[in-house]
Each structure stands twice: as C-alpha cells, then as structure tokens.
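Undergrad: Any chance you could fold what I've pasted below:
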Amino acid sequence: MGTFTVPVQVSDVAGRRSQAVQAPVDTGASDTVIPREILEGLGIQPLWKEPYRLADDRVVEYDVGEARLRLDSRERTVPVVFGEHGGPTLLGATTLEIFKLGVDPIARRLVPVSGLLMIFPNDRTQGQPMRLVILRSDGECSQALDRCQAPLALCLCA
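TA: Okay, here's the model as predicted:
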C-alpha cells in the first residue's frame, strides 16, 4: 500500500485562526500529529498528556489538545498531538474515524464510510439491555450463554 497526503485546514476550536497543511495519511498512528509551532501559532493549548509508542518501540509522553480540522468540505473538532518542532504532520486513525472516512489504498484517497453501531433498535430487544460475552475457547461459551439473562447475547470463541 502506498502512502499519500491530503490537504487539511487546521484551526483553533473557535475557527478564528487557521493554517493549511499537507498531511500524510497514517492509519498506523492513533491520533493526528501537528507540529507544535503550528498549533501554538493558532493559539491551541495542550489540554492533557498521553503516552505514545513510537516506531522504535520507545514510549514517549506528548501534549495533546483539540483543534478544528477541515477535510474536503467537512469540519470536526479532533484531538491533536503536539508534534516536535519542524516535525511531520500525520493524519491518524482517530481523526479518520471521527470524520467517518476510510482509506482507498489503490486510488490513494479518503472515502466516506458508514459509522458502526453494534446495537439493535429497542423493538428487537423489548427495551432490555444487550450483553456481549467474549470468552476463551475452553468450552465455557455454551455455559456462559445459558447463564446470560439478556434477551440477546453474543459469544465469540477463539
């Protein structure tokens, strides 16, 4: 699969200041990374810190804030990692999910996808909560389903 970049408009949450960037799409990155100088220049402040595992297997804590991103004609507020000064911009998986976008690796473009909700309408479950049961493949699946009181249960055996 080849890599590709997309144009992204990065703004403060209020949308008062913005800057255009080219961001490589990186589905292996959890979150979007934008160099610190761009975020600070837009008045975006770190709100919390998160540990991230890097390509060399080190775990490093990074500042995280929120920014308004525009991809094509759609805008969303997303978490953004304060990247290194002069470092790369990366469009990560969380942003793609928030925008409901998938990757077409052949055409090297982003494509709209449907969101997923693994629930049933209330009329299918008589308003009762559903239960998801995930167990090991040690013969406990059928016993767990027998004990389950929810109107719908799913058991996945590895």
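
Undergrad: and stretch 41-48, how far from the chain's centre?
TA: Centroid separation for stretch 41-48 versus its chain: 19 Å, with Cα atoms, centre = their mean, to the nearest Å.

Undergrad: Mean confidence (pLDDT) on that stretch, please.
TA: Mean pLDDT, computed over stretch 41-48, is 98.

Undergrad: do the same with stretch 94-108
TA: 94.

Undergrad: Check which residues of that stretch are buried.
TA: Of the residues in stretch 94-108, 94-96, 98-99, 101, 103 count as buried by neighbour count, 16 or more other Cβ atoms under 10 Å. (Glycine included, C-beta is placed from N, CA and C.)

Undergrad: Kindly report the same for stretch 72-83.
TA: 78-83.

Undergrad: next one: stretch 36-55
TA: For stretch 36-55, by 16+ other Cβ under 10 Å, it's 36, 38-39, 42, 44, 46.

Undergrad: Quick one: those residues as CSV, columns for secondary structure and distance to L69 too.
TA: Converted to CSV, these look like this (DSSP: H, G, I helix; E, B strand; the rest coil; distance: Cβ to Cβ, whole Å):
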residue, secondary structure, distance to L69
R36, helix, 17
I38, helix, 12
L39, helix, 12
L42, coil, 11
I44, coil, 11
P46, coil, 17
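
Undergrad: could I get these as TSV with distance to P88?
TA: Below are the buried residues of stretch 36-55 laid out as TSV (distance: Cβ to Cβ, whole Å):
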residue	distance to P88
R36	12
I38	11
L39	14
L42	18
I44	18
P46	19
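
Undergrad: At the geometric centre of the protein, which residue sits there?
TA: T94 (1.4 Å; Cα atoms, centre = their mean).

Undergrad: quick one: that one is in a helix?
TA: Yes - using DSSP: H, G, I helix; E, B strand; the rest coil, the secondary structure at T94 is a helix.

Undergrad: wouldn't it be in contact with T32 here?
TA: Yes - T94 lies in contact with T32 (Cβ atoms under 8 Å); the separation is 7.0 Å.

Undergrad: Give me the common contacts of these two.
TA: Common contacts of T94 and T32, defined by Cβ atoms under 8 Å, 6 or more residues apart in numbering, comprise 78-79.

Undergrad: Quick one: the strands in the protein, in order.
TA: 5-11, 18-24, 32-35, 48-53, 59-71, 74-83, 101-104, 109-112, 131-135, 153-157 (DSSP state E).
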